[in-house]
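Enquirer: Give the three-dimensional model of this entry:
(one chain, ligands or ions: 1)
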Amino acid sequence: MNMNDLIGKKRDGGKLSQEEIEYFVKGYTDGSIPDYQMSALLMAIYFQKMDKEETFHLTRAMKQSGDVIDLSAIKGIKVDKHSTGGVGDKTTLVVAPLAAACGVPIAKMSGRGLGFTGGTVDKMEAIPGFQTSIEADKFIRQVNSIGLSVIGQTAHIAPADKKIYALRDVTATVDNMSLISSSIMSKKLASGSDAIVLDVKCGDGAFMESFEDACTLGKMMVEIGNADHKRTIAVITDMNQPLGRAVGNSLEVMEAIDTLKGEGPQDITELSLTLAGIMIYAGGRAESKEQGYEMAEKVLKNGEALKKLAEFIEGQGGNPEIVNDYALFPQHTCIKDVICHNSGYVNQIAAKAIGLASQHSGAGRATKEDSIDLSAGVYLHKKVGDTVEKGEILATVYGTDAEKVERSAEEAEKAFSVSAVKPEQDELIKMIII
Ligand code: URA
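Expert: Reported below is the predicted structural model:
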């Protein structure tokens, strides 16, 4: 077999066999296939697409390129949750304690943010002392003792995806259905949980802008998960405006804590209860997702989920007092308000533009090597549909670099549009694929 023939076959619309897919995944991972040939194949896949069978083989080959974690030492049905990426998406920090407080063991591996989307690992590192890199035996012990641990993805999980994803990022081959679903599912299937709940974002701040594309992606990932004997459920959710009001690491953790105190924004509360309800159902602790929702609501109201979050923070080296004392978070030194210039209704808050404004305030990185300002980000005082008066504050930008904060505020201002007519609200939870 040789790579030149495979590139030509795919370029001409051919179907790659299991052996051919395994050949290029193995060869690219071990370095025997160079970047230029892999780039050409990715571009051929991008234009000619892969069918379902090819996508399944690609997912399996990438999953098997590294370690497949054995979580059998953890009692109960382990449930993982994954978001395809969005702006202001701090749901893991709410959903994981909600589900764990209802008895579902959560042994989760999360990623860092890149570009305009945030990542759970960066958010958790806004808690001073919090360790996201812990040994496997401590990870398993913590899930068995308090029911919840979240760590960063190790280099040994799906290394083929790690290399291929980095190449896709610089060859304009990210937004292909088969490449996205195999990338996400190879990591999820290697991470060892028994069930997977996928939050597939759809809209201007997501990889899939249209509802139809998000549904196709969700269905494909559900089929891949189920074929690997993991109960997999996808929820298609709105990402046309940022989720909640806070975008940026410390700001988002504070908002997640507020949500667990029952004081969070309505959208993040609703989405978190829905996802947690589905996880509780998938974890066998409820007979339906509706009953799971009620259980999640109960532990939110009686404070057990907040207590679980504090235990989780303490278990991973952070100070649990942070849930009561936000002065323990890294502090900003610069603030800039975004002022509204005409009265009316907030018609649109472009999610991607707010994500970029937050990134540029210091909260995100342009390359994996950049360091981030954990205090930086954008706080939205207004959401779509709110009334606003001329001179009112639409958003506030925080950070420690005055120039960055100033520039970010200019970008944030452009993300808002105000109209005389009240806009229709996008539905937050659009579809559940079981
Ligand atoms: N997240 C991933 O892990 N991979 C993709 O291709 C897109 C989003």
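Enquirer: Can you give the distance from whatever helix or strand residue 306 lives in to the centre of its chain?
Expert: Per DSSP states H and E: residue 306 is located in helix 304-315. With C-alpha atoms, centre = their mean, to the nearest Å as the basis, helix 304-315 stands 21 Å off its chain's centre.
Enquirer: do you know how far the residue of the chain found nearest the ligand is from residue 234?
Expert: Minimum separation of the chain from the ligand (C-beta to the nearest ligand atom) falls at residue 183, amounting to 3.4 Å. (C-beta placed from N, C-alpha, C; glycine too.) Between residue 183 and residue 234 the computed distance is 15 Å (C-beta to C-beta, to the nearest Å).
Enquirer: Between those two, tell me which one has more neighbours.
Expert: More crowded of residue 183 and residue 234, by other C-beta atoms under 10 Å: residue 234, with 26 against 22.
Enquirer: before we move on, what SS does the more buried one have?
Expert: Recorded secondary structure, residue 234: strand (DSSP: H, G, I helix; E, B strand; the rest coil).
Enquirer: burial count for the residue lying closest to it once chain neighbours are set aside?
Expert: Distance criterion C-beta to C-beta, 6 or more residues apart in numbering; nearest residue to residue 234, sequence neighbours excluded, is residue 218 at 3.5 Å. Residues within reach of residue 218, counting by other C-beta under 10 Å, total 26.
Enquirer: these two touch, right, residue 218 and residue 232?
Expert: No. Residue 218 is not in contact with residue 232 according to C-beta atoms under 8 Å; the separation is 9.6 Å.
Enquirer: Quickly list what's touching both of the two.
Expert: Common neighbours of residue 218 and residue 232, using C-beta atoms under 8 Å, 6 or more residues apart in numbering, are residue 198.
Enquirer: OK, contacts around the residue lying closest to the residue of the chain closest to the ligand once chain neighbours are set aside?
Expert: Spatially, and ignoring its direct neighbours in sequence, residue 183 is nearest to residue 161 (5.1 Å; C-beta to C-beta, 6+ apart). For residue 161, the contacting residues are 62, 65, 182-183, 186-187, by C-beta under 8 Å, 6+ apart.
Enquirer: please redo it, this time with the cut-off set to 7 Å
Expert: For residue 161, the contact set (C-beta atoms under 7 Å, 6 or more residues apart in numbering) comprises 62, 183, 186-187.
Enquirer: Dump those residues to TSV, plus pLDDT and secondary structure.
Expert: Output for the contacts of residue 161, formatted as TSV (pLDDT from 0 to 100; DSSP: H, G, I helix; E, B strand; the rest coil):
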residue	pLDDT	secondary structure
62	97	helix
183	93	helix
186	96	helix
187	93	helix
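Enquirer: which of those are buried?
Expert: Buried members of those, counted by 16 or more other C-beta atoms under 10 Å: 62, 183, 186-187.
Enquirer: Return the member of those nearest to residue 382.
Expert: Closest to residue 382 out of the buried ones among the contacts of residue 161 is residue 183 (35.2 Å), distances taken as C-beta to C-beta.
Enquirer: Nothing else from me, thank you.
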